Structure formats: C-alpha cells, structure tokens
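Colleague: Below: sequence and its predicted model.
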Amino acid sequence: KKMFGGSPDLVFMEKKKSEVDFSHMKEYFKQVFFKQVSDVSGTKTLIFDTELVPILNVIIGEIPKDLFINKYFLEEGNIDTEAQYIFYLVKPKISNLKIISNHIRESKVERKFIAIFCPRLTVIAKMALDKDEAFKSLICEDLNLDLFPIEQDFLNMEDKESFRNLILGYDTLVLSRTIQSIQRIESLYGPIKYKFGKGSWASFILDRVGLEFSPSNNIESEIDALIVLDRTVDLFTPLCTQMTYEGFIDETYAINTGQVSLEANIIDPEKQGPGQATLRLSGNDLLYAEIRDLNYGVLKDVFPRKLQAIQNLIDESDKRKTFQDLDEYMEKLKRLNLPQHKKSITLHVNLASALSKVASNYKFKQFLSMEQSIMMGDLPPNIYEFFELNLARGEDKVKLLRLMCLLSLTLGGLKPKYYEMLTKELTQAYGVKELMRIINLEKSGLLKRKEGKSNWNTQRQQLKLINDEINVINPNDIAYTFNGYAPLSIRLVEKLLNYGWTSPDIDKLIPQPKRVPENEKAALRDLREKKNGKKRVILVYFVGGVTFAEISALRYLSSQYPTIEFVVAASQTINGNQMIEDMLEDTPNELRVNTLMNQLLLSVVLTFHERFNNKDQLHQKK
C-alpha cells in the first residue's frame, strides 16, 4: 500500500523542493558573525558556550581555519593562547560571565576581550557586568539570532526557555524576538499579505508587526499567509505521547537542534560497552525524510521492504543486455548512492529497535493506556488510586505529572480533596522542592483545583479531536500522529482554512483573542487557489513551542491540500517531559534573591504542614 511520506517499495523518494528557500536566513546570521570577527585585525581565539554547539553547527558549520588560531569550549582555567584578541560566543548566563571574569583577571598577557552574546545581552547580565570591575575592559556585542532553518520547512528560534518564561511571566523577550523575526522574514521575502492569530501573545505580536513595520521593498511576497498560534491555546497536545517516528525519538532521547545523543552502539553496533554518541537527524538523509513523519508502529513493515527494493535494484544488472543499458544502470546506482542508503537503513533499524524496547515496557504501556482513557473521557473508576499507588512506589514523577496535568485540563481541575491528597503524596515521595513545581504548575494553568466546568468535552466533540478508526498505515486524518488524537492546534489550522475563525463557535471553543484579515472569506478563497502555477505558502508560527508530531501533522496537511504548502516556525521544540521539567525551575534568572525564595518555600511548607497536621489530628479524634 502507498503510505503517506512515500512508498516502501521504492529505494527512496526524491527530495521535495520547497517553494521558498529559507537558507538566506541562515546565511544572514553567518555573515553577521563573520563580520563581527573580521572587523578586528590581529590574531584571535574563539571560546564558545557548549550549549551553542548544535546551533553553530546548523548556522555556521565549519569555521574557516584562518579566522582563529585556537578554538576552545568555555570552562574554568587559564587560556592557553598567544592571541591578541579573545572572542567569547556565549549565552548571557551569570555562570558564563563568572568564567569570563576569571579569565580576564588571570590573564598575564595584555590583550582585548570581546564577548558576543547569543541572542543578546539581557538586563540581568548587564547588571552583573556593571558590578564586576573585571568587565570594564570587556567589549560586548550581540548576535541577534532569531529564526533559522533546521529543515527547509521548519524554522526554529531554539529558545529553550520561551515556554516557561512566557507562561510563568518571567521574561517576555521572546515576544520581541518573534516580532523581529517576522519583520526579518518580510524584509527578505516580501510583505505577507494575510495574517491570522489566535491567543493573547499572538494578538500582541500581530498588532506590533502591523503597527511598527512596513517593508521598504516592493517585491511580491514568497509567503502568502502567516498564522500565529499561542502555545496556551493548546496546552493539551504537548502533554500527550507523540507517536510519529521523529516525535517518539524526541520523547525518548530529546532532540536538540536537529541532533540527538544516543548510546554509541546504536549508531555503530560494533562498539561495545557504555558511551554516548551524537546523531544528526536531517532531511538530507532521504530515508529519514521519508519515515520521520510516519506513525512509529508501521516502521517494522517499512524497513524489510526498503532492503528488498535495494536488492531488486542490484539484481537488475543481470537484465542489462547492451552497453547503453549498463551505462544507464551504473549512472542510476551512482545517483542513488546505495552503500550510504543501506547504511542509513541499518542505523534507523537499530534506533527503531531501541525505541521498541521502550514501547514494549509494561509501565510505558500502562501509562499510555491511562493517557488515552483521559483523552477519550473514559476515566477508570480507580484513577486517583492509580496516581496514589504510583507516587507511593516512587515511579517516574514527570510521567505521573504529565497524566495529572492532562486530567486537570480535561476536567477543568481536580476535586480539592484529590488535589490535596496528590500534592501531599508528591511532596512526601519526592521532597519539599516539588512544592515549587506545584506552584508553577498552578500558575501556568496546567494543574489546579476544580473551578467550574471544563470546555474539553465540547472541544473534543465539535473539533473531532478523537478518531477511533484511524488508519496509521495510510492515514486519512492528522490523528495518526497521536494514535487517534488529532492535535487541537492543527485542527484549528484546518478549521481556519475550511471555514474561517469568524464563526462564534470558535470563540466559544477557544475563548482567547484572535486576529484575522478584515475580509477573511476573500482571503481564504484566495489562498485556496494556486498563484502562478505554484502552491501558496503558509507560515504557521508557534509561540511557546511546537511538538515534532504537530510538525508531522502539518506536513501531512501539505500533502492533502493541492494548493497549499505549510512551513512551520517556532520559538522552540517542546514535549511533555520538558514542560513538566521546566516547572521545577524556581528562578527566572540566576540573580534571584535566595532569601526571598527561602521565605516563600518556608511559608508554603508551613501552610501545607499546618493544613495536613489539622487533618491528621481530626482523623485521630475520630
């Protein structure tokens, strides 16, 4: 059967060419960085933040050898170089500034120190610079990095803290960076004619873009429409388990700027013993480009047929009778690069095999079954006992909290008695620091006490979020990405293209601000028609993060709409594990006053202790 993404009976599908070449954005930042360095004459050493390595690999690639005489990772200790200039390429973190300060103080040679902050110097970091005498001689510059292409249809800002900072109100810098990125896109590719937005952040961004920026060039835009979506419009989807191949890799190993850290023997089975290795996941790998958006469950049937297709091609040599036939055959083999393709299949078979061990684990199956019950509203009667038992056993707290948050979102909150019981069990099982996570989960709206009715059942029914009869082999619905759940965010995109957002039903289902063109119906009619024989390009921008399964769902929609090609942009990639982990971060920056935090924690601890102590005393009296 023909499957979405390609045919398993072909060696590989030809790489699809996007309607818009976004490599210009990458080239722009590359040239900005090289200019910052080249403007200084003299010998130079580069010291860079290890957290920026994946981003540098994508944007800059290999740095010319004649640009720096040495390159080092940022770490404590003396700098072993004779360079006249020391360049730092770092994130504006206080820990990084402390290391730079020590380098300046310990330097025994007179030289210049230049710090390039990525994406920019923050107010908190500037305060730290002003307080330290060592930084008086430090020259500070910014590499104003915003969106850059990870794939030809996926642009990412790689701001790993964007969701946490926005939803907890710590820092809104990502909003100005989003505005800046849209303005840069319009300056490079022309003004975007139609703009849509759903959510408070999206409305703020589009209002500012409309008010502040009018591209000076008069070129016709290569991008026809922009849809900006808040992550707060759909908090539910990231908490669900992604079931596409790429999404499942992210759930298990966490993809970071297109690369993932794995056990070395997965990448190279001949390597024995422990050890980690980095694997680059890219659409340039034609096999990966073909299978990454498939449901993970179909891969076991794809790989054998791919290998057979290669063998069939090799066997064709026996059927070639003339020299012309042989020349054509050899040219075909050269173009297909069969050894590399076979190596790719072996690699992904090993990776899929490692993932299958996770998928076949009893606990994984148990938690996934509970997740699907919550999604469908078919709650087992012992659901709270399930949480209580697993908390007492010390099971994976992140997975448990994901389920608790899903339950809270579907029910409009947990009943107070169950909420108190579960939060008490959580702190007793994993420590008092979990109180800060609970506070942040409450503040974000992911976990709360029940207040009124939930809108989930109405959303689920009217947007058809559950598809019980999904065909994962040859899908006819985006619900294949989550084994029967259609991501709400992508349903909204479908709803917009098919019916528009001006319907009052949408405002009832998603009661958040929206922005649409003045004549929405005319705009949508225009977008449904090809322009000069080409597909219309719609940029879907997720503020606060996007999951890989949502990207796959939009790629699926691109294959279903004959006149539309979707391109995804995001402030970061995100999954449920990261959302929950981020809630433990109790400080928006490293300069937060510890005494205030201690007072807050002490106050909360005492309140909880008094509440539960009173309940215990009442129980004893009874």
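Modeller: Thanks, I have it.
Colleague: I figured residue 84 hits residue 43, correct?
Modeller: Yes - with contact defined as CB atoms under 8 Å, residue 84 reaches residue 43; the gap is 5.0 Å. Every residue, glycine included, has its C-beta placed from N, CA and C.
Colleague: Quick check: neighbours shared by those two?
Modeller: Listed as contacting both residue 84 and residue 43 by CB atoms under 8 Å, 6 or more residues apart in numbering is no residue at all.
Colleague: any idea which helix or strand carries the nearest residue to residue 117 once chain neighbours are set aside?
Modeller: Excluding the flanking residues, the one nearest residue 117 by CB to CB, 6 or more residues apart in numbering is residue 92, at 4.7 Å. Assigned by DSSP states H and E, residue 92 falls within no helix or strand.
Colleague: And for residue 92, the neighbour number?
Modeller: Neighbour count for residue 92, taken as other CB atoms under 10 Å: 23.
Colleague: which stretch of helix or strand covers the spatially closest residue to residue 513 that is not a sequence neighbour?
Modeller: Spatial nearest neighbour of residue 513, chain neighbours left out: residue 203 (4.2 Å); criterion: CB to CB, 6+ apart. Assessed by DSSP H and E, residue 203 sits inside helix 200-212.
Colleague: After that helix, heading C-terminal, what element do we hit next?
Modeller: Next along from helix 200-212, by DSSP H and E: strand 225-230.
Colleague: Neighbouring strands of that following strand in the sheet, and parallel or not?
Modeller: strand 194-198 (parallel), strand 536-543 (parallel) (DSSP bridges).
Colleague: by contact count, what packs against the very next helix or strand once past the last one?
Modeller: If you walk from strand 536-543 toward the C-terminus, the next helix or strand you reach (DSSP H and E) is helix 548-560. In terms of contact count using 3 or more CB pairs under 8 Å, 6 or more residues apart in numbering; DSSP states H and E, helix 548-560 is assigned the packing partners helix 245-253, helix 488-499, strand 564-570.
Colleague: what's the closest of those to residue 481?
Modeller: Among the helices and strands packed on helix 548-560, the nearest to residue 481 by CB to CB is helix 245-253 (7.0 Å).
Colleague: contacts for the closest one?
Modeller: So helix 245-253 is in contact with 241-242, 255, 260-262, 281, 291-296, 299, 351-352, 354-355, 358-359, 481, 547-549, 551-552, 573, 575-577, going by CB under 8 Å, 6+ apart.
Colleague: Filter those residues down to the buried ones, ChimeraX style.
Modeller: Here is the ChimeraX command that selects the buried residues among those (16 or more other CB atoms under 10 Å):
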select :241,242,255,260,262,281,291,292,293,294,295,296,299,351,352,354,355,359,481,547,548,549,551,552,573,575,576,577
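Colleague: now, which of the contacts of helix 245-253 lie within strands?
Modeller: Taking DSSP state E, the ones among the contacts of helix 245-253 that sit in strands are 260, 261, 262.
Colleague: Residue 472: which of these is nearest?
Modeller: The closest of the ones in strands among the contacts of helix 245-253 to residue 472 turns out to be residue 260 (CB to CB; 23.2 Å).
Colleague: Beta-bridge partners for the closest one, please?
Modeller: Taking DSSP bridges as the rule, residue 260 bridges to residue 279.
Colleague: low pLDDT regions in the stretch 451-600 of the chain?
Modeller: 585-600 (pLDDT under 70).
Colleague: quick one: residue 166 is in a helix?
Modeller: Yes - Residue 166: assigned to a helix according to DSSP: H, G, I helix; E, B strand; the rest coil.
Colleague: Could you find the closest non-adjacent residue to it?
Modeller: The shortest distance from residue 166 to any non-neighbouring residue, by CB to CB, 6+ apart, is to residue 544 (5.5 Å).
Colleague: With residue 268 instead?
Modeller: Excluding the flanking residues, the one nearest residue 268 by CB to CB, 6+ apart is residue 277, at 7.3 Å.
Colleague: Can you read off the pLDDT for that neighbour?
Modeller: The score at residue 277 is 89. That number is its pLDDT.
Colleague: Help me confirm that it comes into contact with residue 267.
Modeller: Yes - in this structure residue 277 lies within contact range of residue 267 using CB under 8 Å: 4.8 Å.
Colleague: Out of the helices and strands packed on helix 548-560, which is closest to residue 114?
Modeller: strand 564-570 (30.9 Å).
Colleague: So which of the contacts of helix 245-253 are in helices?
Modeller: 291, 299, 351-352, 354-355, 358-359, 548-549, 551-552, 576-577 (DSSP state H).
Colleague: Just the CA trace of the helix or strand containing residue 301, in PDB.
Modeller: Per DSSP H and E: residue 301 is located in helix 299-315. Extracted as PDB, the C-alpha positions of helix 299-315 are listed here (Å, rounded to 0.1, in the frame of the first residue of the first chain):
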ATOM      1  CA  LEU A 299       8.200   1.000  10.600                       C
ATOM      2  CA  LYS A 300       8.600  -2.700  11.200                       C
ATOM      3  CA  ASP A 301       7.000  -3.200   7.800                       C
ATOM      4  CA  VAL A 302       8.900  -0.400   6.000                       C
ATOM      5  CA  PHE A 303      12.500  -1.500   6.600                       C
ATOM      6  CA  PRO A 304      12.400  -5.000   5.200                       C
ATOM      7  CA  ARG A 305      10.700  -3.700   2.000                       C
ATOM      8  CA  LYS A 306      13.300  -1.000   1.600                       C
ATOM      9  CA  LEU A 307      16.100  -3.500   1.900                       C
ATOM     10  CA  GLN A 308      14.300  -5.700  -0.700                       C
ATOM     11  CA  ALA A 309      14.000  -2.700  -3.000                       C
ATOM     12  CA  ILE A 310      17.700  -2.200  -2.900                       C
ATOM     13  CA  GLN A 311      18.300  -5.900  -3.600                       C
ATOM     14  CA  ASN A 312      15.900  -5.700  -6.500                       C
ATOM     15  CA  LEU A 313      17.800  -2.800  -8.000                       C
ATOM     16  CA  ILE A 314      21.100  -4.600  -7.600                       C
ATOM     17  CA  ASP A 315      19.700  -7.700  -9.300                       C
END
